[in-house]
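**Student:** Turn this into a model:
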Amino acid sequence: MTPSPILAALLGAVPMCTVTPHDDIALDTPAVRLSDVVALECVEESARDDMGAHALLDLSERSEIRLSRGAIAALARRRVPLLRFDQHQQGDVRLRFNDQRLADAAPASCLRVLSPLDADTILASHMVAPAACDDVMAEAPIVRDAASGFARTREALQSGAIIPHTLVAPTARTRKGDRLTLVIGAGPVTITRPVEALQDASPGESLFVRDADGEIFSMPLGESAP
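**Tutor:** Take a look at the predicted model:
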């Protein structure tokens, strides 16, 4: 559709923007903002700070991405539709998030057991945490479980034990709508009743559940309710 003369005049008055000439940009935060990748001389000076703060991408899940200048221009126009770009810019731009937290972290090539484990226990992620290796660490009683492929304890392990980094099972999460059993101890009497989870939860967390009569309880997952 051909724009009206007035609209064409307005568009013609908007200066062309250009994507950064740099081929490699290192960022200190995971948010890629407009000012990081676009030269904002095309914007009135009083509006540059506010417009430049618009977020275009989030690199918190992936620390690096490579985009063509055309793709960056498209992202910028999607965020700020009035921007106009020189269509002749070619090449890619590499965007990198330098996560200083990882650089400052101590080496953690081993695992620390968070609570006592019995023999023949399949290790799951909630049972261990990253830890620096112990120079005097003895050979850990860990074997590969043939059925699951995850690590299994050959002998009991004490809380705080340091073991080599190994493949552990993801922590099973209860999902909203799952059927559970509520266990209530009253002196020597133990009462159980089927309930429905009203929220997601991981082992050790508390969650709300509802029984068949519609009554709602709070219970710790994987433990006996008080």
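**Student:** Looking at the chain, which helix is longest?
**Tutor:** The residue-count maximum for a helix in the chain (DSSP state H) belongs to helix 69-79.
**Student:** Name the next helix or strand following that helix along the chain.
**Tutor:** Per DSSP states H and E, the first helix or strand lying C-terminal to helix 69-79 is strand 84-85.
**Student:** What helices and strands are in contact with that following strand?
**Tutor:** Packed against strand 84-85 by the contact rule (3 or more C-beta pairs under 8 Å, 6 or more residues apart in numbering; DSSP states H and E) you find strand 16-19, helix 69-79. To be clear about C-beta, it is placed using only N, CA and C from the backbone, and glycine gets the same treatment.
**Student:** circling back to that earlier point, show me how far the longest helix of the chain is from its chain's centre.
**Tutor:** 25 Å (C-alpha atoms, centre = their mean, to the nearest Å).
**Student:** contacting residues around that helix?
**Tutor:** Residues outside helix 69-79 that contact it (C-beta atoms under 8 Å, 6 or more residues apart in numbering) are 17, 19-20, 34, 37-38, 54-57, 67, 83, 85, 87, 89-93.
**Student:** Show me where the chain dips below the pLDDT cut-off.
**Tutor:** 1-14, 61, 99-108, 135-138, 148, 170-173, 185-187, 202-205, 221-226 (pLDDT under 70).
**Student:** could you pull out the helices for it?
**Tutor:** Taking DSSP H as the criterion, the chain carries its helices at 5-13, 34-37, 48-52, 69-79, 100-104.
**Student:** Narrow the contacts of helix 69-79 to just the buried residues.
**Tutor:** Listed as buried from these are 17, 19-20, 34, 37-38, 56-57, 67, 83, 85, 89, 93; burial here means 16 or more other C-beta atoms under 10 Å.
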